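Trainee: Take a look and give me a structure for this.
(2 chains)
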Amino acid sequence: MSEQKIIPIGPYHPLQEEPELFKLYCEGEIVRDIKWETGYNHRGIEKLSESKSFDQSFFLVERICGICSTSHPFAFANAMEEIAEVDIPDRAKYIRSIVGELERIHSHLLWVGLAGHFLGYDTVFMWAWKYREPVLDLFEMISGNRNSYAMFKIGGVRRDIQSDKLPKIRGTMKFLKKKTDLLTGAVMDDPVIHARTKGVGILTREDILEYAAVGPTARASGVDIDVRRDDPHAAYGMVDWKVITSTEGDVFAKAKVRLLEMFESIKIIEQCCDGLEKLKEGDIETVVKNVPAGMGTGHYEAPRGEVFHFVKTIGTNSPARHKIRAPSYVNIATFKKACVGQTISDATISLAAVDPCYCCTERMAVAYDYGSGKKILSASELIKQSQKRTDYIKRNI
Amino acid sequence: MTRAEFIEKIKSEFAEHILGTDYLRANRVTVNVNPGFILDIAKFLHQKIRFRFIIASAYHTKAGFEILYHFSDDSNGNIYNIHVLLPHEKPEIQSLAQFLVAADWIEREMHELFGITFLNHPNPGKLISEGNWAEGVYPYRKDFN
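Mentor: Sure thing, here's the model as predicted:
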């Protein structure tokens, strides 16, 4: 048996909710096994939530993840509203869906950009991040913040979207539709991207069911699940849209699902704008004075998959237990299936495809050969290796 | 499968081991089961009727340690919470990770935070407190005295 070298990825990923250390066990170029260590940045948010009031908990859960800063409050609000048995006004439903879908667009654009960068396609990276800016501008207009929007509360939303803001949202959606088309064409029709991503990091339908993976990772392998459709809440049951799936399960399929999902998000936002216009004005919240003892489960389809919150209350103004499960918690475990048997240069994009919040790769630690203590690869060298491979394919295709 | 059909089915399969059922709002159900049969019940849910395992939530109350195993029926969005109660003195239960990879991490996490022992866990190492937490101290336990 040839000697196995360990290439660590991690442990600190400040942009991810779960900083982790991945150890790739490699024989030459081939990854033979992957192991991980977690808990580097366990913040005890579940415990912290028990010491906060329900209103404060919204701000707390918003800070679990910077990119999904609407998804966690969304799921938490669903759980709390189940306990309090309240229905929210239509206006709040539309506003919630608009904010949720804008977040999906900016998160997917961020992922497409990073995936492009890992493959050595910095044009895709520049484009995707450039077109993400107008989405953040919309957030600033709607909520006052480019990130951590503080829009949610039990029974509704904190801020209204007045009619005078709708034309700007519509205009940006029109612009984004054109640009997403451009981006989708650039990614889907490029023979080099096909060569780098097709047949790479395949997850089968059975793998997904075994690991209970969620989100675009599951949908790209033909597992047709989406909480927004399966358990309709907010405005998702009131608008026309469809769930995007693919059956190949490779990196290309995951990219395709994400790119096409952006068009659906744009469709949802446009219909929600119509809905808001029709309503003209109205309440944006149902006032909840008291949250009774009970328990509630809430979930929401975040850009990376289902976010799940379980809350137990005992009649006080703070949760007695608050369990949170982010989508990466189940998706990361599929690395084992996606990476083993791949080359190191493909492992980078396979990992990026499973967990879109992979900006963290930028923070990769220096790799050592554990035996001799000699430096093997640094973070940028690992990315460079992946980019070199694309160059090679480009020249030879 | 509707909630009533599910309850009928699980009752006919496990009879006296189903200790109670509770309809929550909209499409949620809690089923209280005998902890000794959790492995069979979870196998039935995951392998036979193909529900998706979402996660498990543990909490500590005066009655003991309680675990809710959350399963989702993705065909209609119903969530089934399978509830077990474990005694204060000896919180032990069979590990679902024996057949369900998705339960691996959460069971290790529950062990570290609550001190619940998962029997026959295939991979019982520490998940979140490796090397930086005292042995036998469980941060999410509560003091009811």
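Trainee: How about the stretch 51-200 of chain A: which residue is closest to chain B?
Mentor: Nearest residue of the stretch 51-200 of chain A to chain B: A:Glu82, at 5.1 Å (C-beta to the nearest C-beta). Bear in mind the C-beta positions are built from the backbone N, C-alpha and C, glycine included.
Trainee: Which neighbouring elements make contact with the helix or strand where that residue lies?
Mentor: If you go by DSSP states H and E, A:Glu82 is part of helix A:71-84. If contacts are counted by 3 or more C-beta pairs under 8 Å, 6 or more residues apart in numbering or on different chains; DSSP states H and E, helix A:71-84 sits against helix A:54-62, helix A:90-118, strand A:152-153, strand A:294-302, strand A:305-313.
Trainee: what's the most buried one of the ones you listed?
Mentor: When the helices and strands packed on helix A:71-84 are scored by mean count of other C-beta atoms under 10 Å in any protein chain shown, the highest mean neighbour count falls to strand A:305-313 (a mean of 27).
Trainee: Summarise which helices and strands it is packed against.
Mentor: Short answer (3+ C-beta pairs under 8 Å, 6+ apart): strand A:305-313 packs on helix A:71-84, helix A:216-219, strand A:294-302, strand A:321-325, helix A:327-331, strand B:52-61, strand B:64-73.
Trainee: What helices and strands are in contact with the shortest one?
Mentor: Secondary structure elements in contact with helix A:216-219, counted by 3+ C-beta pairs under 8 Å, 6+ apart, are helix A:251-279, strand A:305-313.
Trainee: switch the cut-off to 10 Å
Mentor: Using 3 or more C-beta pairs under 10 Å, 6 or more residues apart in numbering or on different chains; DSSP states H and E, the elements in contact with helix A:216-219 are helix A:205-211, helix A:251-279, strand A:305-313, helix A:327-331, helix A:344-354.
Trainee: Which positions in it come out as buried?
Mentor: Within helix A:216-219, the residues that count as buried by 16 or more other C-beta atoms under 10 Å in any protein chain shown are A:Pro216, A:Thr217, A:Ala218, A:Arg219.
Trainee: Pull up the gap between the second one and A:Val330, please.
Mentor: As defined by C-beta to C-beta, to the nearest Å, A:Thr217 lies at a distance of 9 Å from A:Val330.
Trainee: Determine the residues that are contacts of both of those two.
Mentor: A:Ile208, A:Tyr211, A:Gly305 (C-beta atoms under 10 Å, 6 or more residues apart in numbering or on different chains).
Trainee: Any chance of JSON lines for those, columns pLDDT?
Mentor: Shown next, in JSON lines, are those (pLDDT from 0 to 100):
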{"residue": "A:Ile208", "pLDDT": "92"}
{"residue": "A:Tyr211", "pLDDT": "90"}
{"residue": "A:Gly305", "pLDDT": "90"}
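Trainee: Can you tell me which of those residues comes closest to chain B?
Mentor: The closest of the shared contacts of A:Thr217 and A:Val330, once distances to chain B are taken by C-beta to the nearest C-beta, is A:Tyr211, at 5.5 Å.
Trainee: count of residues packed around that closest one?
Mentor: Close neighbours of A:Tyr211, defined as other C-beta atoms under 10 Å in any protein chain shown, add up to 24.
Trainee: Is it in contact with A:Pro327, as I believe?
Mentor: No. Applying C-beta atoms under 10 Å, one finds A:Tyr211 not in contact with A:Pro327, separated by 11.9 Å.
Trainee: Mutual contacts of the two, please.
Mentor: By C-beta under 10 Å, 6+ apart, the residues touching both A:Tyr211 and A:Pro327 are A:Thr217, A:Ala218.
Trainee: Next secondary structure after the host helix or strand of B:Glu8?
Mentor: Counting by DSSP H and E, the element that carries B:Glu8 is helix B:3-14. Using DSSP H and E, the next helix or strand after helix B:3-14 towards the C-terminus is strand B:18-23.
Trainee: Can you tell me which helices and strands that following strand packs against?
Mentor: helix B:3-14, strand B:28-33, strand B:78-86.
Trainee: Now do that strand: everything it contacts.
Mentor: A:295, B:3-4, B:6-7, B:10-12, B:28-35, B:37, B:41, B:80-85.
Trainee: In this structure A:Ile98 contacts A:Arg170, no?
Mentor: No. The criterion here is C-beta under 10 Å, and A:Ile98 misses it with A:Arg170 at 11.2 Å.
Trainee: which neighbours do those two share?
Mentor: With C-beta under 10 Å, 6+ apart, A:Ile98 and A:Arg170 have common neighbours A:Ile269, A:Glu270, A:Cys273.
Trainee: re earlier: JSON lines for the helices and strands packed on strand B:18-23, including distance to A:His299, mean neighbour count and mean pLDDT?
Mentor: Output for the helices and strands packed on strand B:18-23, formatted as JSON lines (distance: least, C-beta to C-beta, whole Å; neighbours: other C-beta atoms under 10 Å in any protein chain shown; pLDDT from 0 to 100):
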{"stretch": "helix B:3-14", "distance to A:His299": "17", "mean neighbour count": "15", "mean pLDDT": "89"}
{"stretch": "strand B:28-33", "distance to A:His299": "11", "mean neighbour count": "20", "mean pLDDT": "92"}
{"stretch": "strand B:78-86", "distance to A:His299": "8", "mean neighbour count": "21", "mean pLDDT": "94"}
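Trainee: Could you dump those into a markdown table with distance to chain A added?
Mentor: Shown next, in a markdown table, are the helices and strands packed on strand B:18-23 (distance: least, C-beta to the nearest C-beta, whole Å):
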| stretch | distance to chain A |
| --- | --- |
| helix B:3-14 | 13 |
| strand B:28-33 | 6 |
| strand B:78-86 | 5 |
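Trainee: Throw these into CSV and include distance to A:Gln56, thanks.
Mentor: Output for these, formatted as CSV (distance: least, C-beta to C-beta, whole Å):
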stretch, distance to A:Gln56
helix B:3-14, 34
strand B:28-33, 25
strand B:78-86, 26
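Trainee: CA atoms only: put the helix holding B:Glu8 into CSV for me.
Mentor: C-alpha atoms of helix B:3-14 as CSV (Å, rounded to 0.1, in the frame of the first residue of the first chain):
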residue,chain,number,x,y,z
ARG,B,3,-51.8,12.2,10.1
ALA,B,4,-54.6,10.0,11.1
GLU,B,5,-53.5,7.2,8.7
PHE,B,6,-50.0,7.5,10.1
ILE,B,7,-51.1,7.2,13.7
GLU,B,8,-53.3,4.2,12.8
LYS,B,9,-50.3,2.6,11.0
ILE,B,10,-47.8,3.1,13.7
LYS,B,11,-50.3,1.9,16.4
SER,B,12,-51.0,-1.3,14.5
GLU,B,13,-47.3,-1.9,14.1
PHE,B,14,-46.1,-1.2,17.6
